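Peer 1: Here is the input, now give the coordinates:
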Amino acid sequence: MSTKRLLPPAAWRALRSRVIPIVRRWSRPAGFVLVNLWLVYHLAAIVLAPWSVPPASRLVQNSWRAVGVYDQALFLNHGYHYFAPEPGNSTLLGYVLEMPDGSLQTGRIPNRQIHPRLLYHRHFMLTESLASDDWSPQVRDELVQAMASELCREHGARRVTLSRVSHELPSMEFVRAGGTLDDPEKYSEEPLGRFSYDDQTQTAQLESPAGLEAERDDTPPLANARSADTRPADTRPTSATGLAIPIEIVPAPDRAK
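Peer 2: The predicted structure is shown next:
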């Protein structure tokens, strides 16, 4: 039963006359305090998101526990860190396309032919995902296979060989000794595999390791394919064949490094 039914009408009116003024008196100050507390908490959550990314103090990392759920629910857990003082290697994707007539086309992703800038940034994030620890090996394998499929479909190739190109920034001592930003010894390549394209399924499948060994002598080294364009990763060299890969990479639920 409601309170109104338990009390006589006169007592109910007297209760209302006493309670309503109190509520009106304290509702605005209480609301003001709650809103300000929420603003302080919200700002703290935004600041702690990048601040708690290692390396960080134990105090800051423990503070993340108080705002972690809030940040992840509102997608505020961006772990932005400045590159200085020790920027990491940049990662590109090198490819060698084998066309139906037997000719070869080489290139790298990303490159300056990709426009607008937002699309270039998407390609940049795709290649950087190849070196990220936020993805499982299975996800990275699926990403590489998707890149191979899109490259073959875009260019009409029957086979593609992919490699992960890492560009190490030269040290101060290296530059003072006469080294350049695009020095070949600062580039390293890691083969990702050779893929054959199936026109029916429109997907590229990784060839067997035995087949790779058998054809290794007939395949130009990926390092030689790099000779078509050896400008540094910082300037994002232009390849002979630009490409826009229509792949969307969803950010990992874990916090970025």
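Peer 1: how long is stretch 175-185 from one end to the other?
Peer 2: Criterion CA to CA, to the nearest Å; first-to-last residue distance in stretch 175-185 is 13 Å.
Peer 1: Paired strands for the lengthiest strand in the chain, with orientation please.
Peer 2: If each strand of the chain is counted by residues according to DSSP state E, the longest one is strand 187-198. Here strand 187-198 has these sheet partners by DSSP bridges: strand 159-167 (antiparallel), strand 203-206 (antiparallel).
Peer 1: In a markdown table: the ones you listed, plus mean pLDDT and distance to residue 42.
Peer 2: From N, CA and C alone the C-beta is placed, and that goes for glycine too. Supplementary listing: these in a markdown table, determined by pLDDT from 0 to 100; distance: least, CB to CB, whole Å:
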| stretch | mean pLDDT | distance to residue 42 |
| --- | --- | --- |
| strand 159-167 | 94 | 39 |
| strand 203-206 | 93 | 45 |
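Peer 1: Need those strands in a markdown table (columns: mean neighbour count).
Peer 2: Listed next are these as a markdown table, based on neighbours: other CB atoms under 10 Å:
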| stretch | mean neighbour count |
| --- | --- |
| strand 159-167 | 22 |
| strand 203-206 | 18 |
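Peer 1: Show me the one of those strands that comes nearest residue 140.
Peer 2: Distances from residue 140 to each of those were compared using CB to CB; the shortest belongs to strand 159-167, at 9.8 Å.
Peer 1: Residues contacting the closest one, please?
Peer 2: Applying CB atoms under 8 Å, 6 or more residues apart in numbering, the contact partners of strand 159-167 are 89-98, 108, 130-131, 144, 147-148, 151-152, 186-197, 204, 219, 222, 226, 232-234.
Peer 1: Only the buried residues of the following helix or strand past it, if you could.
Peer 2: Using DSSP states H and E, the helix or strand that directly follows strand 159-167 along the chain is helix 172-176. The neighbour-count check on helix 172-176 (16 or more other CB atoms under 10 Å) flags residue 174 as buried.
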